[in-house]
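> only the shape, not the letters, is given here:
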């Protein structure tokens, strides 16, 4: 036997053959592992997610169900449903119809304004006013969409409204529980620029202190960082459990009508700035222009504090909710903000030439322009549409007091 082995392996041809065979065998094994790696990892991730959802279900039952209901449909007058097509942004058609009607109305009104302005221009002799009229006419002509030429606007709007009414008629139970068919997407309604995972995780982490103004008790902060009982991995489990309710395109009107309580969209306050500023315009997002508009506008720090703490609403009519996030956990704390801007932020070369006021204005209307290290870009990007110049001046006046 020993002699046979020596005869076989001492021959160079045999060694080469054995080596080639072993090489290709190894290649086949590595290739098999590589081909199946994706499936193996997918199966692992699926099992991991399933375990996370199971843990989240237990956490929800013990910590959340007393307010949001055992089945996640909410409890009337107490807290909104999370097992809810509105939270997942599903539109049964009423939202799209609302958008179509608004577009038709806009195009109809633009076409109606054009001959009126042209007649004014024809009769006007003042050169300055004529120039203004020409600019307005040019802007309208640019905004008119030729795809709508020849459309019977009133007939189209009436037909769409009939479709809307038919759908809304099938949502009466949901409407009675707070659903707005014209605004079916929760994240859009609150101006959230991120995804649903970020919205849920941020809400769980920092809570929503201002919600005590429209629910019996405020949504608490569950994160240990904010004084709550849960670790971040437990918050992730809760989020995964809630996201597991999503039915994609399979949501039904029965699902919608099963929700016992929909989220409250804070209304325009009766005594606040919203109604008093009915004729005001949003500040927009052009920081240079905003800074010019703020010149000569005196801010009211007391009203700014009320806006910050959602005790009063701005031009847009929806509470800002600043204090709910600016607690040092979800977003930088407001305490000492002005001083930090002057001593830390403006020391950054990227802000050369900025004033503290300019930095804060940009942070409010363009929050994604700079995100403080250690925090996530979760601030809504819609404040340029909901704040008036006076609202902004009041907020700046209040924030300035926090750095004193």
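Ah, there it is. The model shown is predicted, which means the values in this text are computed figures rather than measured ones. Numbering: from 1, shown residues only.
> could you chop the protein up by domain?
13-88+191-265, 93-170, 273-401 (automatic domain parsing).
> need the ones you listed in a markdown table with mean pLDDT, distance to residue 182 and mean neighbour count, can you?
Quick note: C-beta positions are derived from backbone N, CA and C, even for glycine. As requested, those are exported to a markdown table (pLDDT from 0 to 100; distance: least, Cβ to Cβ, whole Å; neighbours: other Cβ atoms under 10 Å):
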| stretch | mean pLDDT | distance to residue 182 | mean neighbour count |
| --- | --- | --- | --- |
| domain 13-88+191-265 | 87 | 11 | 16 |
| domain 93-170 | 93 | 4 | 13 |
| domain 273-401 | 84 | 15 | 17 |
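> let's have the ones you listed in a markdown table, adding distance to residue 178.
Output for the domains of the chain, formatted as a markdown table (distance: least, Cβ to Cβ, whole Å):
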| stretch | distance to residue 178 |
| --- | --- |
| domain 13-88+191-265 | 4 |
| domain 93-170 | 14 |
| domain 273-401 | 15 |
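> nearest to residue 177, of the ones you listed?
For the domains of the chain, the distance to residue 177 is smallest for domain 13-88+191-265, at 5.7 Å, taking Cβ to Cβ.
> please enumerate the strands of the stretch 1-150 of the chain.
Read by DSSP state E, counting those that start in this stretch, the stretch 1-150 of the chain holds no strands at all.
> how far away from the center of its chain is stretch 199-217?
15 Å (Cα atoms, centre = their mean, to the nearest Å).
> what residues does that stretch touch?
The contact list for stretch 199-217 (Cβ atoms under 8 Å, 6 or more residues apart in numbering) reads 77-79, 187, 190, 192, 218-223, 225-226, 228, 230, 232, 235-236, 238-239, 242-243, 264, 266, 309-311, 319, 321, 323-325, 327, 329-330, 376, 378.
> quick one: which of those residues sit in strands?
Per DSSP state E, strands hold no members of the contacts of stretch 199-217.
> center of the chain, which residue is that?
residue 192 (1.2 Å; Cα atoms, centre = their mean).
> contacting residues for that residue?
Residue 192 neighbours (Cβ under 8 Å, 6+ apart): 198, 199, 380.
> swap in residue 232?
205, 223.
> what distance do you get for it to residue 390?
40 Å (Cβ to Cβ, to the nearest Å).
> again with residue 130
Relative to residue 390, and taking Cβ to Cβ, residue 130 is found at 32 Å.
> repeat for residue 160
For residue 160, the distance to residue 390 - Cβ to Cβ - is 37 Å.
> try residue 123
36 Å.
> and residue 148, by the same measure?
37 Å.
> one more: residue 194?
Taking Cβ to Cβ, one finds residue 194 at 29 Å from residue 390.
> check residue 174 too.
37 Å.
> quick one: the helices in the stretch 1-150 of the chain?
2-10, 12-63, 65-68, 94-123, 127-143 (DSSP state H, counting those that start in this stretch).
> ok, the stretch 251-400 of the chain next?
Using DSSP H, counting those that start in this stretch, helices in the stretch 251-400 of the chain cover 253-258, 273-276, 287-294, 301-308, 322-325, 337-343, 356-365, 383-386, 389-401.
> which one of the ones you listed lies nearest to residue 84?
So among the helices of the stretch 251-400 of the chain, helix 253-258 is nearest, using Cβ to Cβ, at 8.0 Å.
> to residue 181, which of the domains of the chain lies closest?
Of all those, domain 93-170 comes closest under Cβ to Cβ, at 3.7 Å.
> chain center to that closest one: distance?
29 Å.
> cool, and stretch 248-255?
Relative to the centre of its chain, stretch 248-255 is centred 22 Å away, using Cα atoms, centre = their mean.
> who's in contact with that stretch?
By Cβ under 8 Å, 6+ apart, stretch 248-255 touches 85, 88, 90, 92, 170, 171, 247.
> please convert the residues you listed to CSV, extending it with distance to residue 115.
What follows is the contacts of stretch 248-255, written out as CSV (distance: Cβ to Cβ, whole Å):
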residue, distance to residue 115
85, 44
88, 46
90, 42
92, 39
170, 41
171, 40
247, 50
